[in-house]
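S.K.: this is a predicted model, with the sequence first.
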Amino acid sequence: MSHLTDRAREMAAAAKGSTDAVSVPGQMFEDVLSHAQVKRRTLLRGGLGASIAAIFGGGMLSACGGGGSDSDDNEVSYDVAFQQVPANVGDQVWVPEGYTVDVLFSAGDAVVAGATAFTGTFLGSADTEKFAGGNHDGMHYFELPGQDPNKRGLLAINHEFPDYRVLFASGSYDAATATDEQKKIALSAVGISVIEVQKDDDGNWSVVADSAHNKRYTGNTVYNVGGPAAAVLGDTVVGMLNNCASGHTPWGTYLTCEESTDNYLDPTQPEEGYGWVVEIDPRNELTGMPVKRTALGRFDHENTAYMMGSDNRLAVYMGDDGTPGCIYKFVPSGSYNASDRAANAHLLDEGTLYVAKFNADGTGQWIPLVQGQNGLTAGATDPGNVTQGAQTPVTIDFNTQADVLINTKAAARVAGGTLMDRPEWITVAPDKKIYVTLTNNGGRQVTDEANPRVTNRHGHIITWTEQGNSPLATSFNWEIFLLAGDPRLADEHLKGDINGDTFSSPDGILVDPEGRLWVQTDASTSDTVTNTFGNNSMYYIDQETRASRRFLVGPTGCEITGLAYTPDLKTFFVNIQHPTGTWPSNQPGNNAALPARSSTIVVRHEDGKPIGA
């Protein structure tokens, strides 16, 4: 997710688990599975597994995480063994042999019970407010109490940008000339959808059309404001937008992230109301939700990912998808209460926000962004974006903590945070390793050890470990995990060092509960890029060998983004954002008369195995 993808930038300018795991109330199934994964996993590293590896000449990548094997023949292997997909171009979704793809949920589909879906007739804001927004992005799958989570749950899905072709007959939008009704329609297409989904006896997933859980939160919704900046913003603000990537909390709420600090769909709206992390309860049980959590800072947010300590203290990690942007973490003052879900409702309103400084020797520090510390005072000097060359410093006043949080980008630069090549998603692995994708920075001229390439068109991935594997650590050790690119490219800054299937512009990244690393791309869709890498894709990367294997390829013009899964990892939900051809209208069972639409797909193994096996 770029601040806006290349296609979306143009439009914006024009607009200007397993049943043996027992959960504790409020505890997420990822946490349950990470504790139970060794018990459930049957690894094929000895015996038959060694024979298979010998037959395939080491071509079968094994899942990272080590471990032994259980004698229970009924237990499931999560070792990675799929046959990689070629670097394709065309107007379809490709997955490995033995896998199926189904379209679950597209822009314009009905969400709220009784809503009217888009079927080719353009609707007013009262109707568009109730159907699916556009440009599906980050998402998360939540369990429902009393339900088998492998067969029924809630999907919370971000909508980054409107799909104008399902909103207006012209297929376009101009914020400067739009009527109030047109603005409402455009703003209805951002935010998030919460939908209940279920799997039938044949393994097919569908949206539960009449579910009371189905709900839209849009650019027209009123949101509460929490944290120190509420003193400036007030108790409520109207709207959120550019809902890019996302995260979740251990108490079962959704963190949707705004990747814009201004409302380009309605420029009359005050800027300070945008650029926040918004907490929403998909089960709609916690009072006071949804809330813009201002203590986590205001910038071009990508996703959130948390690390939990043994004492139930946690840190929330975030990236600023600026060119360049910094990496942050927020440490709440309080502890997570595993036995009382409601007790965590305001945990993200008090704590310390830090920015990362990556040192040349592979160490790093977390610098507190606290008013009065690290230069954050009245009359501070903001050096600006120095990576692109000489800048003209500006003076900025940090008189209160609200000033620091509203102007987080400037505060991070003043305090000495490292300006990275557009931080995208961050993920925390079960072994506490942390990964971040740095998608690209075509304008970088001043390099450093953490961002070593000028004109970094293909991006890279960095990994780090906190001191003592503690979320409360103020220092860490880091290294470059890989440099994206392709050895066939002549320029030394474009070659990269990928072992296996190459890619450009890593974006979505997630280590699943079995310790397997998945990466999704958001590269340019120009011929000069697709001729080398094919369409945007999704990859498995072995964390030990760093070997890359292409798992899924998307249709023409799309970005691959969003990854959610059932606890048994037998169902993956993936988002196909802004396809430009005829997909998914060209798929069986879809209306061929409708335009290409952003969609959520379901990927399954035909034999009922976990994804990747």
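M.R.: Good, I have the coordinates.

S.K.: quick one: stretch 266-283 to chain centroid distance?
M.R.: Put simply, stretch 266-283 sits 17 Å off its chain's centre (Cα atoms, centre = their mean, to the nearest Å).

S.K.: and that stretch, how far apart are its ends?
M.R.: One end of stretch 266-283 sits 30 Å from the other (Cα to Cα, to the nearest Å).

S.K.: so for it, what gets flagged as buried?
M.R.: Residues of stretch 266-283 classed as buried: 266, 269, 272-283 (neighbour count, 16 or more other Cβ atoms under 10 Å). C-beta: built from backbone N, CA, C; applies to glycine.

S.K.: the residues you listed in strands, which ones?
M.R.: Secondary structure defined by DSSP state E assigns 277-280 of the buried residues of stretch 266-283 to strands.

S.K.: what's the closest of those residues to Q147?
M.R.: Nearest to Q147 among those, counting by Cβ to Cβ, is I280 at 19.8 Å.

S.K.: what's the pLDDT at the closest residue in space to the closest one that isn't next to it in sequence?
M.R.: Counting by Cβ to Cβ, 6 or more residues apart in numbering, I280 lies nearest to P290, which is 4.1 Å off, once chain neighbours are set aside. For P290, the model assigns a pLDDT of 97.

S.K.: give me the phi and psi angles of P290.
M.R.: Backbone torsions of P290, given as degrees, to the nearest 10, read phi -90, psi 160.

S.K.: list the contacts of it.
M.R.: By Cβ atoms under 8 Å, 6 or more residues apart in numbering, P290 lies in contact with 217, 221, 223-224, 278-281.

S.K.: 10 Å instead?
M.R.: Contacts for P290 were tallied using Cβ atoms under 10 Å, 6 or more residues apart in numbering; they are 191-192, 217, 221-224, 240, 253-254, 256, 278-281, 284.

S.K.: in helices, which of these appear?
M.R.: Secondary structure defined by DSSP state H assigns none of the contacts of P290 to helices.

S.K.: nearest to G515, of these?
M.R.: Of the contacts of P290, the one sitting nearest to G515 (Cβ to Cβ) turns out to be Y254, at 23.9 Å.

S.K.: number of residues surrounding the residue nearest to that closest one when sequence neighbours are not counted?
M.R.: In this structure, Y254 finds its nearest non-sequential neighbour in A156, 4.3 Å apart by Cβ to Cβ, 6+ apart. Applying other Cβ atoms under 10 Å, we find 25 other residues in the vicinity of A156.

S.K.: show me the beta-bridge partners of A156.
M.R.: With DSSP bridges as the criterion, A156 is bridged to H140, V194.

S.K.: surely G379 is in contact with V394?
M.R.: No. Counting by Cβ atoms under 10 Å, G379 does not reach V394; the two are 11.2 Å apart.

S.K.: what's the farthest-apart pair in the ones in strands among the buried residues of stretch 266-283?
M.R.: V277 and I280 (10.4 Å).

S.K.: identify the contacts common to these two.
M.R.: Taking Cβ under 10 Å, 6+ apart as the contact rule, V277 and I280 both touch 246, 255-256, 291.

S.K.: with distance to G384 and neighbour count added, can I get the residues you listed in a markdown table?
M.R.: Listed next are the shared contacts of V277 and I280 as a markdown table, based on distance: Cβ to Cβ, whole Å; neighbours: other Cβ atoms under 10 Å:
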| residue | distance to G384 | neighbour count |
| --- | --- | --- |
| S246 | 30 | 27 |
| L255 | 29 | 26 |
| T256 | 29 | 31 |
| V291 | 32 | 25 |
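
S.K.: just the ones of the residues you listed in strands?
M.R.: Using DSSP E, the shared contacts of V277 and I280 in strands are 246, 255-256, 291.

S.K.: for G120, state which of these is nearest.
M.R.: T256 (29.4 Å).

S.K.: that older thread, the residue nearest to I280 and V190, how far apart?
M.R.: Separation of P290 from V190 (Cβ to Cβ, to the nearest Å): 14 Å.

S.K.: overlap of the contact sets of the two?
M.R.: Contacts common to P290 and V190, judged by Cβ under 10 Å, 6+ apart, are 217, 240.

S.K.: distance of G515 from A412?
M.R.: G515 is 31 Å from A412, by Cβ to Cβ.

S.K.: likewise for D266?
M.R.: Separation of D266 from A412 (Cβ to Cβ) stands at 28 Å.

S.K.: same check, this time on G108
M.R.: Here the criterion is Cβ to Cβ. By it, G108 lies 38 Å from A412.

S.K.: same drill for the two, tell me which one is more crowded.
M.R.: A412 (31 against 25).

S.K.: just checking, that one touches L405?
M.R.: No. Between A412 and L405 there is no contact under Cβ under 10 Å: 11.2 Å.

S.K.: can you list residues touching both of those two?
M.R.: 297, 299, 353, 369.

S.K.: which residue comes closest to the third one once chain neighbours are left out?
M.R.: On the basis of Cβ to Cβ, 6+ apart, the spatially nearest residue to L353 that is not a chain neighbour turns out to be L369, at 4.7 Å.

S.K.: need the contact list for that neighbour.
M.R.: By Cβ under 10 Å, 6+ apart, the neighbours of L369 are 297, 326, 328, 330, 352-355, 376, 398, 401, 404-405, 408, 411-412, 414-415, 417.

S.K.: rerun that using 7 Å as the cut-off
M.R.: By Cβ atoms under 7 Å, 6 or more residues apart in numbering, the residues touching L369 are 353-355, 376, 404, 408, 411-412, 415.

S.K.: of all the ones in strands among the buried residues of stretch 266-283, which comes closest to T304?
M.R.: Checking these against T304 by Cβ to Cβ gives V277 as the nearest, at 6.2 Å.

S.K.: for the closest residue to C257 other than its chain neighbours, name its beta-bridge partners.
M.R.: Spatially, and ignoring its direct neighbours in sequence, C257 is nearest to H301 (3.5 Å; Cβ to Cβ, 6+ apart). Counting by DSSP bridges, H301 is bridged to D320.
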